[in-house]
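Asker: Make a model of this:
(one chain, ligands or ions: 4)
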Amino acid sequence: MTPIRTTCPYCGVGCGVLVSRAGDTFSVRGDPEHPANLGRLCSKGAALGETLSLDDRLLHPEIDGRRVTWDAALDSVAQRFQQVIAEHGPDAVAFYVSGQLLTEDYYVANKLMKGFIGSGNIDTNSRLCMSSAVAGHKRAFGSDAVPGCYEDLEIADLIVLTGSNTAWAHPVVYQRIVAAKKARPGMKIVLIDPRRTATAEIADLHLAIKPGADAWLFNGLLNHLRREGDNHGGIDWSYLENHVEGFGAALEEVGGLNIPKVAAHCGLAEADVAEFYRLFTQTPKSVTVFSQGINQSSSGVDKVNSVINVHLATGRVGLPGASPFSITGQPNAMGGREVGGLANQLAAHMDLVPECIERVGRFWNAPNITHRPGLKAVELFDAVRDGRIKAIWIMATNPAVSLPEADRAVAALKQCEFVVVSDNTRHTDTARLAHVLLPAAAWGEKDGTVTNSERRISRQRPFLPLPGEAQPDWWIVNEVARRMGHTQAFVCNSAADIFREHAALSVFENEGRRDFNLAGLTHLDSADYDALEPVQWPVTANGRGTPRLFGQGRYYTGSGKARMIVRPPRGPATPVNASQPFIFNTGRVRDQWHSMSRSGKTARLLSHIDEPYVEMHPADIRRAEVRNGGLARIRNGRGEMLARVVESAEQRPGSVFAPIHWNGQNSAKARVDALVYAVTDEISGQPEFKHTPVAVEPYAATWYGFVMARAPVECTQAGYWTRVRCRACWRHELAGTESECDWPRRLREAFGADGDWIEMKDCGVSRYRAALMRDGRIEMVCFFDRDFAALPPRHWLEGLFEQDRLNDAERSALLMGLPSRDVPDAGRTVCACFGVGENALKQAIRQGVNSVEALGIKLQAGSNCGSCIPELKKLLAAT
Ligand SMILES: Nc1nc2c(c(=O)[nH]1)N[C@H]1C(S)=C(S)[C@@H](COP(=O)(O)OP(=O)(O)OC[C@H]3O[C@@H](n4cnc5c(=O)[nH]c(N)nc54)[C@H](O)[C@@H]3O)O[C@H]1N2
Ligand SMILES: Nc1nc2c(c(=O)[nH]1)N[C@H]1C(S)=C(S)[C@@H](COP(=O)(O)OP(=O)(O)OC[C@H]3O[C@@H](n4cnc5c(=O)[nH]c(N)nc54)[C@H](O)[C@@H]3O)O[C@H]1N2
Ligand code: SF4
Ligand SMILES: [Mo]
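Answerer: Ligands and ions are numbered 1, 2, ... in the order given. Got it, this is the predicted structure:
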């Protein structure tokens, strides 16, 4: 087949991918013509072809766990919502949606709730992600627009990355920066992050800032710019006079913040702060990239403005190589903002103010349009919990895992009268709580558009038929809307129809007053829509996109000037204390996506990091009396989690880090959000996901073990368990606190007597090892021990499941857990594309391979997507 051009469903970089079919399998490569990635992909994008199986897909509508027809499911949703609205009013229902919906899905969901149900109660997981950036943009620019584009990262002479682990979370943006720096080694990179992340590999300066202190750093920079003045490249007074308001008060507010004070507030060396300030002051072409280390904070909006302020002060906004740059998380975080998916927006970048409400009401012909904003995500789930909201429809998000104080969200859904979940996946922590489950089309099947971080609209095109009875999200919402009686307003019958309506609203009575404008896209016919090339909004009437905004210094505020806003900086809302002395920082790992429903389907992506962990500085490990490699209990007043301790001197002492991806489907207790306090920014409503006080203590396990088997093993009775997919088996890590480990008995019962059991038991040290062979093939292997350090490495054993027969040497080595000498253990996978393990890399380095390029030539590592290059560099430095 000719390759299908579509867009990656993961992060907001929005890479173009080419999908080709070869028999039953699909291969995926970067689209060289897509401007976001120019052919590159990261490890997640490159593995997309392996995530298409229908295992654990939700394929049919269900009510109360029983399969029903679409008619029954849709009628049930429409009737129950109408009943609640009739009895309790429109604010008693809600939608909770997602940046993983396509723009077309999002548009109809927002239209139904705000326009026709007549409530503002539609909010989105972008509240957890981008809402502080949205509010900061609106305060500063009068509109929610990212001024720059990816090319700016290649033109800039200085890139400041703050609160962004670009190497892992936006890997192709990172690769573009790496390539630009290689071409122009004079380019400088400053990283601001309490941890020394993989991103630090390219940083000229890493500021391991005290968690939560960014506003002091940037306000101090503003003060520094003022003191340096025009002559030294500091403040651009004429830009301020002509294009900015509020700068007098802002500069006064930061007046006393000199370098020693900043250094003290931020826990940094004065010389490092001074060096950052010098670089920023002297480099006109500078871009500041910010992400969740800024947004996810109880003062996130003020932090966003503190970043934007230094760009306003220097006139570096929307110019080639000079801009503040908020990079988006989800594939369609930006599209959701365009259609008004947040509870406090309307649609097409219009606000819930009388003039816009009247205008959109006329456009939609919606007499019942809401006049008020709805509840923001955290408040919305509070309202579900206390019964104000009686029916909720959740689409494309997993709040039982991802909301702060997630156990509270679970409790809210458990006692809610009516919970509807549209998802691709049958078993998720949220789907478990649904009364009605609706099977949605997934990536590869769905058809529509997404907008990436640089405002670029790209097509997602289908290359697979709809499986089972799955339907696109827009279709599902449309059907419910019609069954609620709104037959005249929900007449679109395709994604293209919806897109045209969305584009038409963007130009409706716009007259240049709104930044979001798709003038050139209002009349696309279906063929044009299918062929739509990636384009950056605003799109002019003749179809041209706009790479940069605000370069002329004109903004969407009443006066046309940008606003400089400084508020006194605040630290995290809940400071650490004697009983909860550590700051719990949460975020992403390179090869997993959120709650793992797609990325967890491929063994390749699980081979990089395969267990929930908590990364701690050696001093904190001693202080908490835990052991590297052992298990820790992390807890506070809200909840607790269990995770493997990983020692790392790259953590800032006092701050511990855990990944967000693990959930109730693949682990006992590893949901980070069970602990994260639901404190939010008072303007944006975005939760403080990065700074929760916790205690860390040893998990008092009396035994440890693991089981590998060809199918998943029921292991939820163990105190600690995790389950991951390997290439040819499932691996379960287990531990417990009982005086006697009864897993040998359980496994014998579970697997029965059929086959040969090879066993080894040493009661003195509670050691038990067993393997089950059938017809010479390994079915199951398990190891248990009192001491976790006595358990063998897992990689070699995993490999044995790929063989049809084990030879004698392998069989006799089996219970030793160690490979014979001629089959070395490759170790933990570093390069996911070519499955290159840590041990193999170390060996090559010891043999004299001394550069990333040479490792690529010898072992292929790092030579495809490049996502592992920061780790290769680290291994080279350490070995
Ligand atoms: N592999 C992968 N990539 C993803 C995703 C994924 O699930 N997996 N998800 C996508 C989504 S939705 C999003 S929103 C983005 C998020 O992308 P990022 O924001 O880059 O990712 P995070 O890991 O959440 O956090 C970024 C960094 O903020 C740092 N940080 C914590 N506190 C502070 C602080 O006070 N100040 C500063 N300056 N830094 C701090 C953390 O240590 C962390 O390294 O990633 C997207 N890309
Ligand atoms: N502690 C902590 N918590 C966080 C964060 C953090 O950094 N720290 N980050 C926050 C951020 S930035 C984000 S974006 C959220 C993400 O959190 P979630 O949105 O909860 O994460 P996902 O696992 O991506 O959930 C998406 C669900 O939608 C399904 N899905 C995917 N595509 C489609 C589709 O097209 N249609 C339908 N109907 N379903 C689909 C998937 O199967 C999956 O179940 O987590 C937030 N929570
Ligand atoms: S950087 Fe990776 S995850 Fe993000 S869009 Fe590109 S290929 Fe997908
Ligand atoms: Mo996000």
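
Asker: What about the residue of the stretch 1-150 of the chain found nearest ligand 4? Give its phi and psi, please.
Answerer: Of all residues in the stretch 1-150 of the chain, the one sitting closest to ligand 4 is Cys129 (3.1 Å; Cβ to the ion). To be clear about C-beta, it is placed using only N, CA and C from the backbone, and glycine gets the same treatment. Backbone torsions of Cys129, given as degrees, to the nearest 10, read phi -130, psi -60.

Asker: what about it, neighbour count?
Answerer: By the other Cβ atoms under 10 Å criterion, the neighbourhood of Cys129 contains 26 residues.

Asker: Up against ligand 4, what does the chain have?
Answerer: For the chain, the contact set with ligand 4 under Cβ under 5 Å from the ion comprises Cys129, Gly329.

Asker: interface residues of the chain facing ligand 1?
Answerer: Taking Cβ under 6 Å from any ligand atom as the criterion, the neighbours of ligand 1 within the chain are 11, 129, 162-165, 168-169, 192-195, 197, 209, 211-212, 214, 291-293, 329-330, 585, 587-588, 590, 592-594, 690.

Asker: Excluding chain neighbours, what is closest to the residue of the chain found nearest ligand 3?
Answerer: Closest approach of the chain to ligand 3 (Cβ to the nearest ligand atom) occurs at Gly45, with a separation of 2.4 Å. The shortest distance from Gly45 to any residue other than its chain neighbours is 4.6 Å, reached at Cys8 (Cβ to Cβ, 6 or more residues apart in numbering).

Asker: same deal with Arg426?
Answerer: Among residues not flanking Arg426 along the chain, Leu58 sits closest, at 4.4 Å (Cβ to Cβ, 6+ apart).

Asker: What distance do you get for that neighbour to ligand 1?
Answerer: Per Cβ to the nearest ligand atom, to the nearest Å, Leu58 is found 21 Å from ligand 1.

Asker: Against His502, how distant is that residue?
Answerer: Distance of Leu58 to His502, computed by Cβ to Cβ, to the nearest Å: 27 Å.

Asker: likewise Phe783?
Answerer: 56 Å.

Asker: Between the two, tell me which one has more neighbours.
Answerer: Under the criterion of other Cβ under 10 Å, the comparison of Phe783 against His502 puts His502 first, with 27 against 23.

Asker: Could you list the residues in contact with the host helix or strand of that one?
Answerer: Applying DSSP states H and E as the criterion places His502 in helix 495-507. Contact partners of helix 495-507, identified using Cβ atoms under 8 Å, 6 or more residues apart in numbering, comprise 102-104, 107-108, 338-339, 347-349, 360, 363, 447-449, 472, 474, 491-492, 514, 516-519, 521-526, 529-530.

Asker: how about Met1, what does it touch?
Answerer: Contacts for Met1 (Cβ under 8 Å, 6+ apart) come out as Ser20, Arg21.

Asker: Can you check the pLDDT for it?
Answerer: Per-residue confidence (pLDDT) for Met1: 72.

Asker: where does it sit relative to Gln460, distance-wise?
Answerer: On the measure of Cβ to Cβ, Met1 and Gln460 end up 17 Å apart.

Asker: ok, now Val353?
Answerer: To Gln460, Val353 is 33 Å away according to Cβ to Cβ.

Asker: What about the residue of the chain closest to ligand 3, how many residues nearby?
Answerer: Neighbours of Gly45 under the rule other Cβ under 10 Å: 25.

Asker: Could you give the number of residues near whatever residue of the stretch 401-550 of the chain ends up closest to ligand 1?
Answerer: Sorted by distance to ligand 1 under Cβ to the nearest ligand atom, the residues of the stretch 401-550 of the chain start with Ser402, at 9.4 Å. Ser402 has 26 neighbouring residues, counting by other Cβ under 10 Å.

Asker: can you check Asn666 too?
Answerer: Number of residues near Asn666 (other Cβ under 10 Å) recorded here: 21.

Asker: from memory it sits against Arg723, does it?
Answerer: Yes. Counting by Cβ atoms under 8 Å, a contact exists between Asn666 and Arg723, whose distance comes to 5.1 Å.

Asker: Spit out the contact partners of the residue lying closest to Asn628 once chain neighbours are set aside.
Answerer: Closest residue in space to Asn628, ignoring its immediate chain neighbours: Glu647 at 3.9 Å, by Cβ to Cβ, 6+ apart. Shown here is Glu647, whose contacts under the criterion Cβ under 8 Å, 6+ apart are Glu615, Met616, His617, Pro618, Ile621, Asn628.

Asker: my guess is the last one meets Ala649, correct?
Answerer: No. Asn628 is not in contact with Ala649 according to Cβ under 8 Å; the separation is 11.5 Å.

Asker: who's more crowded, these two?
Answerer: Asn628 (13 against 9).

Asker: Which of the helices or strands spans the spatially closest residue to Ser599 that is not a sequence neighbour?
Answerer: Leaving out its chain neighbours, the residue that sits closest to Ser599 by Cβ to Cβ, 6+ apart is Trp593, at 4.2 Å. When elements are defined using DSSP H and E, Trp593 is found to belong to no helix and no strand.

Asker: and Trp593, what pLDDT?
Answerer: The predicted local distance difference test score for Trp593 is 96.

Asker: tally of neighbours for the residue lying closest to Leu605 once chain neighbours are set aside?
Answerer: Setting aside the residues directly before and after it, Leu605 is nearest to Asp591 in space (Cβ to Cβ, 6+ apart), at 4.1 Å. Other residues near Asp591 number 26, with proximity taken as other Cβ under 10 Å.

Asker: shouldn't Asp591 be in contact with Ala603?
Answerer: No. Using Cβ under 8 Å, Asp591 and Ala603 do not qualify as a contacting pair, with a distance of 10.9 Å.

Asker: Give me the contacts around stretch 842-856.
Answerer: Contacts of stretch 842-856 from elsewhere in the structure, counted by Cβ under 8 Å, 6+ apart, are 824, 827, 841, 858-859, 861-863, 869, 872-873, 875-876, 879.
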